[in-house]
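Visitor: what follows is a predicted protein model with its sequence.
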Amino acid sequence: MKIVTVIGARPQFIKAATISRLLVHDPEVEEILIHTGQHYDLNMSDIFFEELNIPHPDFNLEVGSGSHAIQTGKMMEGIETILMEEKPDWTLVYGDTNSTLAGALAATKLNLPLAHVEAGLRSFNRRMPEEINRIVTDRISDLLFAPTATAMINLEKEGLLGASCLTGDVMFDSTLFYREKILENPDLFKIKGLPQEYMLATVHRAENTDNIQNLKNLFRAFSESPQAIVLPIHPRTRKIISNTIIIPANVHIIDPVSYLQMLCLTLHAGKVLTDSGGLQKEAYFLGKQCITLRTETEWVETLHDNWNTITGTDPEKILTAIRSAPPVSSQVKSFGNGKAAEAIVEKLKSRQKLSFL
Ligand code: UD1
């Protein structure tokens, strides 16, 4: 079985690593990896390949940054050429970025079988570029791998149940796997020079970075936090704040970190403040209270007993959440059993066999 995997942005490297790790040892499968080049900085791309042992990409399209249409269009052009040559049994796309959409459209327009990992997520906010990418990708995929029961319900409501299967979340697999590695050797992944006690924050969503008032509100809340804030910064956020925001003294801005460094930072944080989808879940998996700096979340399973509080960018709401008591209940097991990657590979193989009957 030949699989072409299309990835391009940081969270996709993490998700694809869980499946590539299985495929590389599978004599029945050949995986061909396309990196679109959506993320290209050393610490947004290369360090993930090295740290997570992802095979070197067979193709790098080096599309870089651009408007949504330019970025997606360039990717589609490059992916189409490769797919026509390789004629894979499956094209595999992950998550909800422009790389996901480009891979999905290119494969479907060539009538090639398409599978989507992390299907069925919905924020119900069509102003998010990711929401459009998810809806379109799910609609045109032949096989949909849903991480949670909520995602399955969303797919059912859109008439897509026949193509869907509940596998669990590959991000949960990944957190379980690498948490052990960090606990075995915690000093290896610790970032030096940071305060002992801190809250971990990330801000990169367009709805926050492209709205100066939202950014100002966030930094006002950070400045009043009783604990220091450690903020590994996405390059887009760095560019925007450099001319617009005065960084408060208690906010420690650091360069983007590797996946294992990020898990380590999360493990030692007081609380997590973020507009990322992935980090909301990682906080939950690692037993940390999360404050979501958006007006909604796709990961509704985390919204119980103060595990995750949606505050948007309102400084008062953020500060109330920062001061709130930690949850007393345990996390609910909504993200599978840590073997989502195995379930996905099995399903890809069995569906491929069916297509030969
Ligand atoms: C993308 C995804 C988002 C995901 C995020 C993970 C889309 C629409 N969005 O957002 O869903 O959560 O990746 O990080 O696909 N830049 C660099 N170096 C890089 C990459 C980006 O400097 O290696 C800067 C550029 O100025 C670029 C900006 O960041 O214009 C935004 O990058 P882009 O890939 O368009 O989207 P992300 O914000 O990273």
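Guide: Okay, I see it. Residues are numbered from 1 along each chain as shown.
Visitor: any stretches of the stretch 151-300 of the chain with poor pLDDT?
Guide: The stretch 151-300 of the chain contains no residues with pLDDT under 70.
Visitor: who in the protein is up against the ligand?
Guide: Within the chain, the residues that sit near the ligand (CB under 6 Å from any ligand atom) are 9-11, 38-41, 44, 65, 96-98, 129-130, 204, 235-236, 239. In this view, the C-beta of every residue, glycine as well, is placed from N, C-alpha and C.
Visitor: same thing but at 8 Å, please
Guide: Residues of the chain found near the ligand (CB under 8 Å from any ligand atom) are 8-11, 38-41, 44-45, 64-66, 68, 71, 95-101, 129-130, 133, 204-206, 209, 234-236, 239, 276-278.
Visitor: buried ones among these?
Guide: 8-11, 38-40, 44-45, 71, 95-101, 129-130, 133, 204-205, 209, 234-235, 276-278 (16 or more other CB atoms under 10 Å).
Visitor: so which of the residues of the chain next to the ligand sit within helices?
Guide: 10-11, 68, 71, 98-101, 129-130, 133, 206, 209, 235-236, 239, 277-278 (DSSP state H).
Visitor: the nearest residue to Ser141 once chain neighbours are set aside: what secondary structure?
Guide: Ranked by CB to CB, 6 or more residues apart in numbering and with sequence neighbours excluded, the top spatial neighbour of Ser141 is His116, at 4.2 Å. What DSSP: H, G, I helix; E, B strand; the rest coil gives for His116 is strand.
Visitor: residue of the stretch 251-357 of the chain nearest the ligand, please.
Guide: Here the stretch 251-357 of the chain gets closest to the ligand at one residue, Ser276, 6.2 Å apart by CB to the nearest ligand atom.
Visitor: dump the residue contacts of the residue lying closest to Asn337 once chain neighbours are set aside.
Guide: Here the nearest residue to Asn337 in space, its sequence neighbours aside, is Gly168; by CB to CB, 6+ apart that works out to 6.1 Å. Contacts for Gly168 were tallied using CB atoms under 8 Å, 6 or more residues apart in numbering; they are 147, 335-340, 343.
Visitor: hmm, 7 Å instead?
Guide: Neighbouring residues of Gly168 by CB atoms under 7 Å, 6 or more residues apart in numbering: 147, 335-337, 339-340, 343.
Visitor: residues contacting Phe189?
Guide: Here Phe189 is in contact with 182, 260-261, 264 (CB under 7 Å, 6+ apart).
Visitor: next one: Thr97
Guide: 8-9, 12, 38, 130, 133.
Visitor: and it, how far from Thr202?
Guide: 16 Å (CB to CB, to the nearest Å).
Visitor: now swap in Arg236 and tell me
Guide: Using CB to CB, Arg236 is found at 12 Å from Thr202.
Visitor: per-residue pLDDT, the residue nearest to Ser141?
Guide: In this model, His116 is scored at 98, pLDDT.
Visitor: next, count neighbours for it.
Guide: Neighbourhood size, His116 [other CB atoms under 10 Å]: 28.
Visitor: with Glu296 instead?
Guide: 14.
Visitor: so it touches Asn125, yeah?
Guide: Yes - the pair Glu296 / Asn125 is scored as a contact, 5.8 Å apart, by CB atoms under 7 Å.
Visitor: which stretches in the stretch 151-300 of the chain count as helices?
Guide: Using DSSP state H, counting those that start in this stretch, the helices found in the stretch 151-300 of the chain span residues 170-184, 186-189, 206-209, 212-223, 235-241, 259-268, 277-285.
Visitor: just those: most buried one?
Guide: A comparison of these by mean neighbour count, using mean count of other CB atoms under 10 Å, puts helix 277-285 on top with a mean of 23.
Visitor: need the contact partners of it.
Guide: Counting by CB under 7 Å, 6+ apart, 11, 171-172, 175, 202, 263, 266, 272, 274, 290, 292, 297-299, 302, 307-308, 331 sit against helix 277-285.
Visitor: the residue nearest to Asn337 and Val332, how far apart?
Guide: 13 Å.
Visitor: likewise for Asn306?
Guide: Separation of Asn306 from Val332 (CB to CB): 13 Å.
Visitor: neighbour count winner among these two?
Guide: Between Asn306 and Val332, counting by other CB under 10 Å, Asn306 is the more crowded of the two (16 against 12).
Visitor: now do the contacts for the residue nearest to Ser141.
Guide: 93, 104, 137-138, 141, 144-145.
Visitor: so Phe145 bridges to which residues?
Guide: Val117, Cys165 (DSSP bridges).
Visitor: pull the number of nearby residues for it.
Guide: Phe145 has 28 nearby residues by other CB under 10 Å.
Visitor: now do the one 3 residues further on
Guide: Applying other CB under 10 Å, we find 24 residues neighbouring Thr148.
Visitor: thinking it is in contact with Lys333, fair?
Guide: No - assessed by CB under 7 Å, Thr148 is found out of contact with Lys333, at 10.6 Å.
Visitor: how about the nearest residue to Ile191, chain neighbours excluded?
Guide: Once flanking residues are discounted, Ile191 sits nearest to Gln261: 6.0 Å by CB to CB, 6+ apart.
Visitor: you'd agree the one you found is up against Lys192?
Guide: No - between Gln261 and Lys192 there is no contact under CB under 7 Å: 10.9 Å.
Visitor: my read is Val345 is in a helix, agree?
Guide: Yes - applying three-state DSSP, one finds Val345 inside a helix.
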